[in-house]
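**Q** This is the structure alone, sequence omitted:
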């Protein structure tokens, strides 16, 4: 633990967030997300909810302002009768962070493809479905 | 050994099953399966039969419900006069697991190609021919 | 995630618990514990409390019955006016697990020395002081 | 699988048996044996019994004739009311192998110390207690 | 050395032969064969002739019966006035092994391409020219 | 770069500071310090002064309150007519940090011995002599 | 530190500059540059300005004279109302170095593509925007 | 040092020359050659001239007789007014070696492409320009 | 294969012989020698006799003249009724090499201890007993 | 090659010289020196004389002024009738460097022991006997 740095973030995760540059993306995957087969840089965060992690990350992490969307969510698969209530929670955390943001929505396999080129995937313990979220890093001025 | 976890499963295999996410596939290869040339993530289980392993894995492993097939078997090569009795044994274990499933059949080299993109290949000691089986991971709700 | 396995446990941690044998010890360190300098096998569990981890581990983990103590706590340093309330919580979890146990108490640096020969150290996010605990593995019969 | 080589032996295990020379020792540990903390060369054989492995190994492995004992068993800990019936099974397999042998008995921690200097430890799935056995390699003439 | 296993085979080579599955191919390269640039899995056997190695390998190794050819030789380059007498020696060893076989002939660079997808290349000490041979693994029933 | 984290600190250094626990020590070595031969965990910070690094580290890093000294400086070697003015600068930064501290002084080779057991050594670009300083981590309450 | 070699350059950076040959390019990235996702050879120089590093590098590094441009800057993104004053500073340092040079300008993503084939990326602490610069190595005669 | 082996050749270089087979190529790069970005197998020979190395290599190395050219030189770039006198020196060494040879000339970037598929690149200290030379290995009969 | 270098020597072995310096020792172990447990630098030479290897090594290798013995053999264990005829063969090869030599004899476990500090162990295929031999490298003048 | 840095020094050697700190020692070993068995950090410089390397190193390297000796030579072994003329050459180079120095003489095995704790060993091609020299790094003021 250090002063100022949110305590739920692991050393490996903070290191990754620091190494990321303008335009790099990080995936906050839920507990069903196939992170290990999409990325060679998986950072475990078992047992932690998506909201807790998102809030902690946004204390440190600037969102991109140079691209159309700085945040991406995974669309519910057609035919899957599920309402991702967690999205509202995510949006409140994003709004509270003070960072400007615009959300894009990606179909499941398009989301997977985007994850393949991400900087890292966080393997959270979030049990809600469709709780995966991508954050695009902005510039620190 | 731990409580609750089937004793025939190696630590490396349980770790792989845990790391797999929604849609990832694992190959349970028989003793003639060319796993090492198809995958860089081969998990040895020499001396153990396909049935013993399949039953133990399904105590922990949810099958996918979002795709057409969650289980794949390798078709008998045309001209090979062989009847894979083990398939019936596999189907009974699948049924007994309580997991919903639907079996797809793949020609030998199509099966190999699918194995190349799998999460891992288990090198079992199953001596029956055409005893290879692929399992697709589902969501834990 | 898998069926039956507590969801807060990471794949690496379950693998370690499985690889441990009779008499091996694992340290559940609190967020101030110097795990990285005492062990080369540190398993991160940032953000998770000691109680949540202890409860999950004991669902799988048998305690030793061949030695005087199967559990160790770190004594409060003389002069440090601190009462580790978490010990009562730990004891309730131990009792509820159904595993027989006997607790030994170790002075701070004796605890560190014991950690050096442990199988692994879990770096939890537990913020309470003196919340470190060592578990000695028993036999699965 | 190959012709002539017992099918339950993994490639890694056969390689180790081949690399061993005169006087080297291998530990066949039971499912509670703390192999990973005693050796950096652990060969997994989860799910396989001690008898199956011992029989297969002795098809290939010569026992030492230059030392007092070529086989070691772990003594029952004083106070542990357990009769290791598996020893009789082991002795029958040893006799049937045609290799000359003489058994030494080691107290639990003396056995662990000997394991530390062994060539490798096999982590078998043998669930019987006190089922650990050490084999000392002889000369192939 | 072990009982039953031909003594000229190295531990690494036997391990590779065991790991190979149905349809995998191994190249027995002569002393001029560019194995290191064609394969990342080169197994040294300096000083040993092709015949000695082939004979030893075939004591353990089943040849494939599902494909047109289970053995391949490298054709003499047009214009090279050389008669590879070693082929007759190889054919006698193949016949004596009792394994069914059918030989295909590959032009030099087609042979190299096939070697690139092989399981392993043995770097033998065979000084005869055009003494390279590929073996395709069959099923052990 | 991230918000809140001092910009001169490298990702590797922040990771190390986070991984350190109660009582672990980090050496901030000057540009002549033989860090690579004293530690296997050297973190480069070429070109940066000791004062800039010390100030940034103390924004995050708590000092120990359980030991006699939480800070160590290297004594001037007898016979070396040098006055380390940088010590005053260091003391001002330590005072300004708000962390309680007490400085111990170590003879050159005693300082080297202490560095050998440190968590990490920072290889700074500080050109002043005797500018090495050790910080002992405290508890975050 | 050594005599003659600029003190702000790390050992790893000097090694890279020495290993580079005619036509190889190195990227001096600013503190927002996504170096880790564009190159596997990132050299940290946190806390150091672009000007300090450029000046030090050019004491050792010859610029290419065989290609149209030996230096590249990243164009300001259309719509971004920012004037990179640092370019003038860079040009003065280039001129003062005595090396002949010609600057090419690359659109942001073309610059990223070029960085992907570079020899290495320096992760500087330069906080100015559009402060990234590529240097192409010339011949030492 | 050993008897019979030219003393200027490093152990790593002799090992590479031995591992090369019929048709493999090695690049003897001059001190400006960008070997590290063209090959993952660079063998340092700083401070040694091209002539000294070529002479020593040819004491051991047979040149290919099955291809049009067994030696390649890099053409002078059009517009570069430079006469590579070292070519004459190289030709004398080649002639003196007794090996038959035929030289091909490659444009600078074609030479780089050929280097990318070479077995290894020697990073010599030869300061002359256009002093790079490729050798193609022949058969030892 | 290269010109001048004996063909039975592997590239790895020649590299080791070259890297050895004055006073370094190499063990030529027979097929029962426990090389892997005595050395981390084992060089396989399965299938090759001790005489063939010794003769080839001595074409390149100078023996030490600064110590009492430059060659060591393993004494026959008291009670072992075996006459190592191979020693005469070794002595003839040593004499024929032209190198001065003096042989020391070591008891079995003293020989093992010496092997532990050797530069490398060659795992030959020599089936004769007591066929192990240590060579001490001399100076090349 | 870079400007200012002596061309005979390899990138790895310059990196090592830069990483060394006050009091660290580097061994410049002659071609018979057993560097690989004394150090895990051997830097090859085959084919280069001791004088050429010493002169180049001293262009960059400061010698220690805090210890009795900053340079060490290996004494001629009693009974070895050899006069190391190279020592005079070394002394001239040391004097010409402008660095203050004082030479200590070490018996052969004391020299080896000192090499074991050195930062690195350079494996030069110097063929003269007793041409080994140790340099102790000083402070750059």
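**A** Okay, I see it. Owing to the predicted nature of the structure, the values given are computational and were not obtained by experimental measurement.
**Q** Next, the spatially most central residue of chain A: secondary structure please.
**A** The centre of chain A sits closest to residue A:28, judged by Cα atoms, centre = their mean, with a distance of 3.3 Å. With DSSP: H, G, I helix; E, B strand; the rest coil as the basis, residue A:28 sits in strand.
**Q** for it, what are its contacts?
**A** A:50, A:53-54, A:57, A:122, A:124, A:132-135 (Cβ atoms under 8 Å, 6 or more residues apart in numbering or on different chains). C-beta here means a position set from N, CA and C on the backbone, and glycine is covered the same way.
**Q** Show me what from chain A comes close to chain B.
**A** A:29, A:31-37, A:42, A:77, A:80, A:127, A:129 (Cβ under 8 Å from any Cβ of the partner chain).
**Q** All the strands of chain A, in order from the start?
**A** A:25-29, A:42-45, A:71-74, A:103-106, A:120-124, A:133-136 (DSSP state E).
**Q** any chance of those strands in TSV, with mean pLDDT too?
**A** Shown next, in TSV, are the strands of chain A (pLDDT from 0 to 100):
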stretch	mean pLDDT
strand A:25-29	98
strand A:42-45	98
strand A:71-74	98
strand A:103-106	98
strand A:120-124	98
strand A:133-136	98
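**Q** and of those strands, who's closest to residue I:99?
**A** strand A:42-45 (57.8 Å; Cβ to Cβ).
**Q** what's next to the closest one, contact-wise?
**A** A:8, A:10, A:12-13, A:16, A:35-36, A:53, A:120-125, B:19, C:10-12, C:44, C:46-47.
**Q** Kindly report the same for stretch A:15-23.
**A** Contacts of stretch A:15-23 (Cβ under 8 Å, 6+ apart): A:9, A:26, A:41, A:43, A:57, A:60-61, A:64, A:66-67, A:119-120, A:136-139, F:1-2, F:5, F:10-12, F:14-15, G:29, G:32-37, G:42, G:123.
**Q** Now do whichever residue of chain A sits closest to chain I, the pLDDT please.
**A** Closest contact between chain A and chain I, by Cβ to the nearest Cβ, is at residue A:40 (29.4 Å). Note for residue A:40: predicted pLDDT of 97.
**Q** and it, how many neighbours?
**A** 8 (other Cβ atoms under 10 Å in any protein chain shown).
**Q** how close does it get to chain C?
**A** 16 Å (Cβ to the nearest Cβ, to the nearest Å).
**Q** how close does that residue sit to residue A:118?
**A** 11 Å (Cβ to Cβ, to the nearest Å).
**Q** quick one on the thing from earlier: quick one: which of the strands of chain A is nearest residue I:95?
**A** Of all the strands of chain A, strand A:42-45 comes closest under Cβ to Cβ, at 63.4 Å.
**Q** With adjacent residues omitted, what lies nearest to the residue of chain A found nearest chain G?
**A** Per Cβ to the nearest Cβ, residue A:21 is where chain A lies closest to chain G, at 3.0 Å. Nearest residue to residue A:21, sequence neighbours excluded (Cβ to Cβ, 6 or more residues apart in numbering or on different chains): residue G:34, at 3.0 Å.
**Q** Could you double-check that that neighbour sits in contact with residue G:112?
**A** Yes. Using Cβ atoms under 8 Å, residue G:34 is in contact with residue G:112, at 7.4 Å.
**Q** For residue A:130, see how far away the nearest residue to residue A:126 once chain neighbours are set aside is.
**A** Leaving aside its sequence neighbours, residue A:126 sits nearest to residue A:50 (Cβ to Cβ, 6+ apart; 3.7 Å). From residue A:50 over to residue A:130 the distance is 10 Å, taken as Cβ to Cβ.
**Q** hang on, the earlier thing: mind checking which of the residues of chain A next to chain B are buried?
**A** Applying a neighbour-count criterion of 16 or more other Cβ atoms under 10 Å in any protein chain shown, the buried members of those are A:29, A:31-37, A:42, A:127, A:129.
**Q** so which residue of chain A comes closest to chain E?
**A** residue A:40 (18.9 Å).
**Q** quick one, phi/psi of the most far-flung residue of chain A relative to its centre?
**A** Distance from the C-alpha centroid of chain A, by Cα atoms, centre = their mean, peaks at residue A:79 (24.9 Å). The phi/psi pair for residue A:79 (degrees, to the nearest 10) reads phi 100, psi -20.
**Q** Quick check: beta-bridge partners of residue A:121?
**A** residue A:27, residue A:42 (DSSP bridges).
**Q** thinking again about what came up before, now render the contacts of residue A:28 as a markdown table, adding distance to residue A:97 and neighbour count.
**A** Listed next are these as a markdown table, based on distance: Cβ to Cβ, whole Å; neighbours: other Cβ atoms under 10 Å in any protein chain shown:
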| residue | distance to residue A:97 | neighbour count |
| --- | --- | --- |
| A:50 | 14 | 25 |
| A:53 | 13 | 23 |
| A:54 | 9 | 24 |
| A:57 | 9 | 23 |
| A:122 | 17 | 32 |
| A:124 | 18 | 29 |
| A:132 | 18 | 28 |
| A:133 | 13 | 28 |
| A:134 | 15 | 23 |
| A:135 | 10 | 28 |
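**Q** Just the closest of those to chain H, please.
**A** residue A:122 (31.7 Å).
**Q** got a list of what that closest one touches?
**A** A:13, A:26-29, A:35, A:42-43, A:45, A:53.
**Q** quick one: low-confidence ranges for chain A?
**A** The model of chain A has no residue with pLDDT under 70.
**Q** Up against chain C, what does it have?
**A** Counting by Cβ under 8 Å from any Cβ, chain A sits next to chain C at A:1, A:7-13, A:31-32, A:44-48, A:52, A:125, A:127.
**Q** ok, now how distant is the closest residue to chain H within chain A from residue A:132?
**A** Per Cβ to the nearest Cβ, the residue of chain A with the smallest distance to chain H is residue A:40, at 18.7 Å. Distance from residue A:40 to residue A:132, counting by Cβ to Cβ: 18 Å.
**Q** thinking residue A:30 is in contact with residue A:121, fair?
**A** No. Residue A:30 lies out of contact with residue A:121 (Cβ under 8 Å); the separation is 10.9 Å.
**Q** show me where chain A has helices.
**A** Secondary structure of chain A (DSSP state H): helices at A:11-19, A:35-38, A:50-60, A:86-97, A:108-116.
**Q** For those, please prepare JSON lines with the additional fields distance to residue C:102.
**A** Output for the helices of chain A, formatted as JSON lines (distance: least, Cβ to Cβ, whole Å):
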{"stretch": "helix A:11-19", "distance to residue C:102": "35"}
{"stretch": "helix A:35-38", "distance to residue C:102": "40"}
{"stretch": "helix A:50-60", "distance to residue C:102": "36"}
{"stretch": "helix A:86-97", "distance to residue C:102": "44"}
{"stretch": "helix A:108-116", "distance to residue C:102": "48"}
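**Q** looking at those helices, which is closest to residue G:85?
**A** When the helices of chain A are ranked by proximity to residue G:85 (Cβ to Cβ), helix A:11-19 comes first, at 26.2 Å.
**Q** Pull the number of nearby residues for the residue nearest to residue A:52 when sequence neighbours are not counted.
**A** Spatial nearest neighbour of residue A:52, chain neighbours left out: residue A:8 (5.7 Å); criterion: Cβ to Cβ, 6+ apart. When neighbours are defined as other Cβ under 10 Å, residue A:8 has 18 of them.
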